[in-house]
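Peer 1: predicted model follows, preceded by the sequence.
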Amino acid sequence: KRVGVLISGRGSNLAALIEAAKNNDYPAEIALVLSNRPDAAGLTHAGEAGIATAVVDHKSFAGDREAFERALDASLREHDIEIVCLAGFMRLLTPWFVDTWAGRMINVHPALLPSFRGLDTHARAIEAGVKLHGATVHYVTSDMDAGPIIMQGAVPVLSTDDEKALAARVLGVEHQLYPQALALIASGRTRIEDGRVVVSEAA
Ligand code: GRF
């Protein structure tokens with residue numbers, strides 16, 4: 001399956017996906033890296049791996065979200081993309097874009113959903129005093145961070161943790177989890193039933 005990865009910044013999850021996809025047995029190929037920021041550091045990972053890149057700068061659409069998303073969609077189609085991975089992509093997507101890619105677009109979120117949707121998850125987890133935190137890969141629906149959950153990984157929250165230490169521990173889980181979840185999707189082993197993801201055994 002041809003995968004397009006949407007990024008806005010650092011791109012460490014993108015790097016993890018690229019690394020996993022180097023394996024001959026991996027069921028997906030990272031065929032395009034698309035950034036909404038021309039200066040996203042993650043674009044260099046794509047360049048180094050010889051992967052096509054594109055920039056659709058939201059700032060050049062003067063607040064016209066639909067036009068911005070039509071340009072994203074056009075770029076994905078131009079590269080025959082079949083699955084979209086959001087990896088630190090920091091723009092909210094409209095129902096039009098989400099519906100267009102429904103069932104074919106996934107995201108990694110740095111918390112154990114449905115806890116801590118949105119931003120600043122690590123600070124909020126520490127503040128709440130939870131003892132477990134983690135990461136979730138889920139299908140994207142127009143309800144932000146609320147789509148069907150594909151995989152989750154947990155880490156302990158230590159009493160000595162600050163936001164940075166906790167974020168680093170969770171990021172390690174994201175880098176394990178995201179390639180595994182993409183492999184599940186790409187090999188057609190997931191289906192959505194009553195809003196929940198059901199995973200079938202490997203053939
Ligand atoms: C990750 O923590 C991801 O879960 C969140 O934004 C961060 C992106 O990091 N949505 P990177 O760009 O993949 O390094």
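Peer 2: Here it is on my side, so go on.

Peer 1: which residues does whatever residue of the chain ends up closest to the ligand contact?
Peer 2: When Cβ to the nearest ligand atom is the measure, the chain has its nearest residue to the ligand at residue 88, with 2.7 Å between them. All C-beta atoms are positioned from the backbone trio N, CA, C, and that covers glycine. The neighbourhood of residue 88, defined by Cβ atoms under 8 Å, 6 or more residues apart in numbering, consists of 7-14, 42.

Peer 1: pLDDT score for it?
Peer 2: At residue 88, the model reports a pLDDT of 96.

Peer 1: got it, and residue 157?
Peer 2: What the model reports as pLDDT for residue 157 is 98.

Peer 1: separation between the residue of the chain closest to the ligand and residue 133?
Peer 2: Here residue 88 is placed at a distance of 18 Å from residue 133 (Cβ to Cβ, to the nearest Å).

Peer 1: so the residue of the chain closest to the ligand sits in a strand?
Peer 2: No: according to DSSP: H, G, I helix; E, B strand; the rest coil, residue 88 belongs to no strand; its state is coil.

Peer 1: average model confidence for stretch 18-37?
Peer 2: Regarding stretch 18-37, the rounded mean pLDDT is 98.

Peer 1: tell me which residues in that stretch are buried?
Peer 2: For stretch 18-37, a neighbour-count test (16 or more other Cβ atoms under 10 Å) marks 18, 20-21, 26-28, 30-37 as buried.

Peer 1: picking that back up, got a PyMOL select line for the buried ones in the contacts of residue 88?
Peer 2: The PyMOL command for the buried members of the contacts of residue 88 (criterion: 16+ other Cβ under 10 Å) is given here:
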select buried, resi 7+8+9+11+12+13+14+42
